[in-house]
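K.L.:
Task: produce atomic coordinates for the following.
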Amino acid sequence: RAMEHDRAMEVYDIIRTIRDPEKPNTLEELEVVTENGVEVQEIGEDEYLVVIRFTPTVPHCSLATLIGLCLRVKLQRCLPFKHKLEIYISEGTHSTEEDINKQINDKERVAAAMENPNLREIVEQCVTEPD
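P.N.:
Predicted structure coming up:
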């Protein structure tokens, strides 16, 4: 259990500094992500299931999808352990949460989104640590 808690803190540390696509604030400052919204379960030898629930500041489609993308991209790059990643919108906080949950957990749709140069640029701006 302690190990899972440490892993969850590692995950939170990576995502809390992601910036909001429309504001100068981080997701932590806006309470889009919280420590309680990160769960880590061991699913195999040195492999973990990471589940993130986030709360969009506005129930606004495109932005919620973008934030989900940012979370996924940053964790894929930065997580130092083997993991499966599931990202969900906190229940009841978005009008089309089921669609968005499907979209941000679908590898092909995520890959397609990241091939869009405009989207990719926004994601990069959000996930890059400020110098």
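K.L.:
Wait, Asp46 touches His83, no?
P.N.:
No: Asp46 is beyond contact range of His83, at 9.8 Å (criterion: C-beta atoms under 8 Å). Placement of C-beta: from N, CA and C, glycine included.
K.L.:
out of those two, which sits in the more crowded spot?
P.N.:
Each of Asp46 and His83 has its neighbours counted (other C-beta atoms under 10 Å); His83 has more, 18 against 9.
K.L.:
measure the more buried one to Pro21 for me?
P.N.:
24 Å (C-beta to C-beta, to the nearest Å).
K.L.:
Also His5?
P.N.:
In terms of C-beta to C-beta, His5 sits 30 Å off from Pro21.
K.L.:
between those two, which one's more packed in?
P.N.:
Neighbours were counted for His5 and for Pro21 using other C-beta under 10 Å; Pro21 has more, 18 against 11.
K.L.:
The more buried one is in what secondary structure piece?
P.N.:
For Pro21, there is no helix or strand it lies in under DSSP states H and E.
K.L.:
Now the phi/psi pair for it, please.
P.N.:
Main-chain dihedrals, Pro21, degrees, to the nearest 10: phi -60, psi -20.
K.L.:
got the contact list for it?
P.N.:
Counting by C-beta atoms under 8 Å, 6 or more residues apart in numbering, Pro21 touches 63, 66-67, 70, 122, 126.
K.L.:
repeat for Ile18
P.N.:
26-27, 33, 67, 70-71, 74, 126-127.
K.L.:
out of those, who's nearest Ile100?
P.N.:
Compare each of the contacts of Ile18 with Ile100 using C-beta to C-beta and the shortest gap goes to Ile67, at 9.5 Å.
K.L.:
any idea whether that closest one is helix, strand or coil?
P.N.:
Following DSSP: H, G, I helix; E, B strand; the rest coil, Ile67 is assigned to helix.
K.L.:
surely it meets Asp20?
P.N.:
Yes: the criterion here is C-beta under 8 Å, and Ile67 meets it with Asp20 at 7.5 Å.
K.L.:
so what sits against both of these two?
P.N.:
27, 32, 126.
K.L.:
can you pull out the helices in this protein?
P.N.:
Ranges of helices within the chain are 2-15, 61-78, 97-104, 107-114, 117-127, based on DSSP state H.
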